[in-house]
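# Here is my input, please return the structure:
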Amino acid sequence: MTEKGARCFCIDGTNIVRGCYGYGGPEFRAQEDADSQRLIAALGQLCAQYGDRLDVELIFDGAFRPWRCEAANLRIRFSQETQADDLILDCVRGRSYGSGGRVTVVTGDGELGAKASEDGARWQRVFPGTPLEN
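This is a model prediction of the structure:
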């Protein structure tokens, strides 16, 4: 549960990882998994640093993977059979209509960002090639 007054971020994990690294080839999946875990570790440190002032939901496309983070304010979700975009928009709508406050959606996907904005979210656009550490 989010603390009142905490800044809430909903992050399009697959989009961020693919946009920040831009790779391919035969080792694509293994590299994407490694980079995803690197993102989780970085966000975990950030969440631990900010404590109850920050609430992050990190959503990846596809099947469950056993990735973990110790920070209680970082939740990792997998879209399974649905689209990650739908889960992100559900998060935005749930907080907007449930008076949970405004969500910032972090993605490079222009269509998702526009839809999230229409539903009351802030949109933090991440451009392809942006270093993950920024």
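
# would you put the C-alpha positions of the longest helix seen in the chain in CSV?
Longest among the helix segments of the chain by residue count, using DSSP state H, is helix 28-50. Only the C-alpha atoms of helix 28-50 are listed here, as CSV (Å, rounded to 0.1, in the frame of the first residue of the first chain):
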residue,chain,number,x,y,z
PHE,A,28,19.1,-11.0,-27.1
ARG,A,29,16.9,-12.7,-24.5
ALA,A,30,19.7,-13.4,-22.0
GLN,A,31,21.0,-9.8,-22.4
GLU,A,32,17.5,-8.4,-21.9
ASP,A,33,17.0,-10.4,-18.8
ALA,A,34,20.4,-9.2,-17.4
ASP,A,35,19.6,-5.6,-18.2
SER,A,36,16.2,-5.9,-16.6
GLN,A,37,17.8,-7.2,-13.4
ARG,A,38,20.2,-4.3,-13.6
LEU,A,39,17.2,-1.9,-13.8
ILE,A,40,15.6,-3.6,-10.8
ALA,A,41,18.8,-3.3,-8.8
ALA,A,42,19.1,0.4,-9.6
LEU,A,43,15.5,1.1,-8.8
GLY,A,44,15.7,-0.9,-5.6
GLN,A,45,18.6,1.3,-4.4
LEU,A,46,16.6,4.4,-5.3
CYS,A,47,13.5,3.1,-3.5
ALA,A,48,15.5,2.2,-0.4
GLN,A,49,17.0,5.6,-0.4
TYR,A,50,13.7,7.4,-0.6
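
# buried stuff in it?
The neighbour-count check on helix 28-50 (16 or more other C-beta atoms under 10 Å) flags 32, 35-36, 39-40, 43-44, 47 as buried. Yep, even glycine has a C-beta here, placed from its N, CA and C like the rest.

# now, among these, which is nearest to Arg102?
Ranked by distance to Arg102 (C-beta to C-beta), the buried residues of helix 28-50 are led by Cys47 at 18.5 Å.

# and that closest one, what is it in contact with?
54, 56, 69, 71, 73-74 (C-beta atoms under 8 Å, 6 or more residues apart in numbering).
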